[in-house]
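Undergrad: Any chance you could fold what I've pasted below:
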Amino acid sequence: MGAYHLFAVTQKMNNMNYFELMGLEERPYADKARLTKNFIALQRNAHPDKHAGSNEWELADKSMLSAEINKAYAIFKDEHKTLEYFLITKGVIHDDEKYKLPNDFLMEMMNINEVLEEEGVEAYRKRIAVFAEDIESGVLPFLSGEKEVLTQEDLALLSEYYFKKKYLNRLLDRIMD
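TA: Predicted coordinates for the structure are as follows:
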């Protein structure tokens, strides 16, 4: 009975939709104020410390739920992780997917890498920031909520933006090391 209960709870947690859990609409961005408010309310009810007198199964359930709430909160606090999670839930991308970036993007990256060699780290960071803003401008209506209904074409644009932004973030992380 105990092992089955743990298995059932684990399966339920693995199939959990974090948008539903956190009371958020399925969008490529998260309403931060609503997220924080819902997080506090959910943890107030689910945190294991609130259920110290419960039996071991209820306590295990609450512990697992609390951990999932924390995981969902961490995803939605980060704009890039929110977009990634949204695209995964829509079936547009998959965990650890390899994506072939467009040649024009890669050529621009070569130009930006020359800036690092010729002008230094600060100029490089600024150039990447300007480029990131430029690529974000094409998907801003989706990330700001201006456009709420997304077509397959919109999702494809968001996916391309996600992978470009991921690449740029890796470049910036590398320069920080």
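
Undergrad: Give me the mean pLDDT for stretch 63-71.
TA: The pLDDT scores in stretch 63-71 average 89.

Undergrad: Pick out the residue nearest the middle of the chain.
TA: Lys81 (1.5 Å; C-alpha atoms, centre = their mean).

Undergrad: Skipping adjacent residues, who's closest to that one in space?
TA: Ile75 (4.6 Å; C-beta to C-beta, 6 or more residues apart in numbering). All C-beta spots, glycine's among them, are computed from the backbone N, C-alpha and C.

Undergrad: same deal with Ala74?
TA: Using C-beta to C-beta, 6+ apart, the nearest residue to Ala74 is Lys81, at 7.3 Å.

Undergrad: Mind pulling up the pLDDT for Glu114?
TA: Value for Glu114, per-residue pLDDT: 88.

Undergrad: State the distance from it to Gly145.
TA: 37 Å (C-beta to C-beta, to the nearest Å).

Undergrad: Now do the domain split for the protein, please.
TA: 2-77, 103-176 (automatic domain parsing).

Undergrad: Quick one: distance of the helix ranked longest in the chain to the chain centre.
TA: When the chain is parsed with DSSP state H, its longest helix is helix 152-176. Distance of helix 152-176 from the chain centroid (C-alpha atoms, centre = their mean, to the nearest Å) equals 12 Å.

Undergrad: same thing with stretch 114-132?
TA: For stretch 114-132, the distance to the chain centre is 26 Å (C-alpha atoms, centre = their mean).

Undergrad: mind listing what's buried in it?
TA: For stretch 114-132, a neighbour-count test (16 or more other C-beta atoms under 10 Å) marks 115-116, 124-125, 127-128, 131-132 as buried.

Undergrad: got the CA positions of that stretch in CSV?
TA: What follows is stretch 114-132, C-alpha atoms only, in CSV (Å, rounded to 0.1, in the frame of the first residue of the first chain):
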residue,chain,number,x,y,z
GLU,A,114,35.1,40.2,-33.7
VAL,A,115,33.9,43.0,-31.4
LEU,A,116,35.2,41.0,-28.4
GLU,A,117,38.6,40.6,-30.0
GLU,A,118,38.9,44.2,-31.2
GLU,A,119,37.1,46.3,-28.6
GLY,A,120,36.9,44.2,-25.4
VAL,A,121,34.4,42.7,-23.1
GLU,A,122,32.2,45.8,-22.4
ALA,A,123,31.7,46.6,-26.1
TYR,A,124,30.9,42.9,-26.6
ARG,A,125,28.3,42.9,-23.9
LYS,A,126,26.7,46.0,-25.2
ARG,A,127,26.6,44.7,-28.7
ILE,A,128,25.0,41.5,-27.6
ALA,A,129,22.4,43.5,-25.5
VAL,A,130,21.5,45.6,-28.5
PHE,A,131,21.2,42.5,-30.7
ALA,A,132,19.1,40.7,-28.1
